[in-house]
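>>> okay, here's the prediction I keep looking at, along with the sequence it came from:
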Amino acid sequence: MLNVTELRSGTYFQEDGVPYEVLKYDHIKMGRGTATVRIKAKNLFTTAIVTKTFISGKRVEEAELEERRAIFKYRTSADYVFADEDDEEIEVSREIVGENSPFLKKGLAVNILSYQDRLLTLRLPIKVTYRVKEAPPDARGNSATVSYKEVILENQLKIKAPMFIKEGDDLVVDTRTGEYISRN
């Protein structure tokens, strides 16, 4: 059991047999009354975002999620195929991969979360390196401000990168936001 004050961002808990991932945590104490904890959580079955309020001191059940490390291999018309450490293939549907699909590239290591043998979601590394496939030439000019151009990466992902980036460069991208971090 977890105390609701431990429900920080990234924590998993379950309520009525449904697992949730905490996205945002607020501890509210007003005047003489008891403190309340308000969280924004993602239902891992439906991916719906819900707001829940608890009285401080309440306890919730910790979600027992199974996490498996896997490598992305390829994509079929309906599924994404991963291989775990035992080289056993795991097929993951498009719905589960969801918004992570643009960041997948062959050989990328991910964590697959499941709850009672039901696949829930993928967790990608925060920083991933990609090779620039296409980059327009520099447009020299006013360098007093940072200028960006759109480049296309090896996995067809389009991102904004600084003007000095060329075709063939390796870029580090934040998979949470899809933004350029640095050049490798």
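In hand now; what should we look at? Given the structure is predicted, the values throughout are model-derived calculations rather than measurements.
>>> on the pLDDT front, check Tyr12 for me.
Looking at Tyr12, its pLDDT is 90.
>>> so where is the chain shaky, pLDDT-wise?
139-144 (pLDDT under 70).
>>> again, 80 this time
Across the chain, residues meeting the criterion (pLDDT under 80) sit at 138-146.
>>> give me the domain ranges for it.
Per the record, the chain has its domains at 2-62, 66-123, 127-183, by automatic domain parsing.
>>> turn these into a markdown table, including mean neighbour count.
C-betas here are computed from N, CA, C, even on glycine. Formatted as a markdown table, the entries for the domains of the chain read as follows, by neighbours: other Cβ atoms under 10 Å:
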| stretch | mean neighbour count |
| --- | --- |
| domain 2-62 | 14 |
| domain 66-123 | 15 |
| domain 127-183 | 14 |
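>>> name the residue most distant from the centre of the protein?
Among the C-alpha atoms of the chain, the one farthest from their average position, using Cα atoms, centre = their mean, is that of Arg32, at 39.2 Å.
>>> that residue and Asp84, how far apart?
With distances taken as Cβ to Cβ, to the nearest Å, Arg32 is found 54 Å from Asp84.
>>> stretch 33-44: how far from the chain's middle?
Distance of stretch 33-44 from its chain centroid, counting by Cα atoms, centre = their mean, to the nearest Å, is 21 Å.
>>> need the helices for the protein, in chain order.
Per DSSP state H, the chain has helices spanning 94-97. These are given in chain order.
>>> bridge partners for the closest residue in space to Val92 that isn't next to it in sequence, pull those for me.
Closest residue to Val92 apart from its sequence neighbours, by Cβ to Cβ, 6 or more residues apart in numbering: Tyr80 at 4.9 Å. Beta-bridge partners of Tyr80, counted by DSSP bridges, are Arg75, Val92.
>>> for Tyr80, what are its contacts?
Going by Cβ atoms under 8 Å, 6 or more residues apart in numbering, Tyr80 touches Phe72, Tyr74, Glu91, Val92, Ser93, Arg94, Val97, Ser101, Leu104.
>>> can you put those in CSV and add distance to Phe45?
As requested, these are exported to CSV (distance: Cβ to Cβ, whole Å):
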residue, distance to Phe45
Phe72, 23
Tyr74, 27
Glu91, 19
Val92, 15
Ser93, 14
Arg94, 16
Val97, 16
Ser101, 20
Leu104, 22
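>>> wait, which of those is closest to Ile55?
Sorting the contacts of Tyr80 by distance to Ile55 puts Val97 at the head of the list, at 37.2 Å, by Cβ to Cβ.
>>> from what I can see that closest one touches Leu108, true?
No - the pair Val97 and Leu108 does not pass the contact test of Cβ atoms under 8 Å, sitting 11.9 Å apart.
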